[in-house]
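Novice: output the structure for:
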Amino acid sequence: MPLYTIHPEDSGFTLYRGEAPLQTPKSMPVTVPTRALAEGLGTECAAQEERLDLSKMPLMQLTLTSIDITALNRADVLKGILRHGETELLCHTAPEPDELRLSQHATWTPFLDWSRATHKVIWKTAAGIQPVDQPPETLEKIRAILEPRESFFLTGLSEAVGLSGSLVLGLALAEDGADVSSILNA
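Specialist: Just a heads-up that it's a prediction; the model follows:
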């Protein structure tokens, strides 16, 4: 089994396999922003046989996506994330039955409040599934929050938004405004 080591670089931490840096499918070095992520990748790699099986390596999948896709297509990734804001799930409560409407309100309002308190973003809400036109300043504030973020953050956020169906829930998870359990129960 090959030895995986971590080498600090100016741009982060690069994972080496033997004497050479591990590379992405697009021949980029696997360099990540934190030592903790590099150690997690090293652990995933060390648990593999001679050939890496990416289906058993979720951190590596996200890392390769960050380096080979998100970094090269930031505008498209950002646009995809922001599309969820245009139809934010938490802004559409069921009009009836009352029990469901009240449950959604009780569960979702704390996340909308978090967004307001943390980012000064106010979401327009309504009962029903008809689209709610969010104020332009809401989406511009979200864009301003996300544009300076690095590719690894945007990749994780994109996955969280896609899985939860909500930009607010994904952002709360990515920024430690909520834990996985509360997001899954939302």
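
Novice: spell out the secondary structure type for Leu78.
Specialist: helix (DSSP: H, G, I helix; E, B strand; the rest coil).

Novice: I should have written Asp68 there, sorry.
Specialist: Applying three-state DSSP: Asp68 is helix.

Novice: separation between Thr14 and Pro21?
Specialist: 5 Å (C-beta to C-beta, to the nearest Å). C-beta here means a position set from N, CA and C on the backbone, and glycine is covered the same way.

Novice: mutual contacts of these two, please.
Specialist: Shared contacts of Thr14 and Pro21 (C-beta atoms under 8 Å, 6 or more residues apart in numbering): His7, Pro29, Val30, Thr31.

Novice: which residues of this protein fall in strands?
Specialist: 4-9, 12-17, 20-21, 31-32, 92-93, 126-127 (DSSP state E).

Novice: which residues touch Thr107?
Specialist: Asn185, Ala186.

Novice: can we see that at 6 Å?
Specialist: Ala186 (C-beta atoms under 6 Å, 6 or more residues apart in numbering).

Novice: again, but for the one 4 residues further on
Specialist: Shown here is Phe111, whose contacts under the criterion C-beta under 6 Å, 6+ apart are Leu90, Val168, Ala172.

Novice: among those residues, which one lies nearest to His105?
Specialist: The nearest member of the contacts of Phe111 to His105, counting by C-beta to C-beta, is Leu90 at 9.9 Å.

Novice: excluding its backbone neighbours, what's nearest that closest one?
Specialist: Leaving aside its sequence neighbours, Leu90 sits nearest to Trp108 (C-beta to C-beta, 6 or more residues apart in numbering; 4.3 Å).

Novice: got a markdown table for the contacts of Phe111, with distance to Thr155 and pLDDT too?
Specialist: Output for the contacts of Phe111, formatted as a markdown table (distance: C-beta to C-beta, whole Å; pLDDT from 0 to 100):
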| residue | distance to Thr155 | pLDDT |
| --- | --- | --- |
| Leu90 | 22 | 95 |
| Val168 | 18 | 97 |
| Ala172 | 17 | 97 |
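
Novice: how about these in CSV, adding neighbour count and distance to Asp76?
Specialist: Output for the contacts of Phe111, formatted as CSV (neighbours: other C-beta atoms under 10 Å; distance: C-beta to C-beta, whole Å):
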residue, neighbour count, distance to Asp76
Leu90, 23, 24
Val168, 27, 21
Ala172, 24, 23
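
Novice: show only the entries of those found in helices.
Specialist: Val168, Ala172 (DSSP state H).

Novice: can you tell me the centre-most residue of this protein?
Specialist: Geometric centre of the chain, nearest residue: Leu157, 1.5 Å, by C-alpha atoms, centre = their mean.
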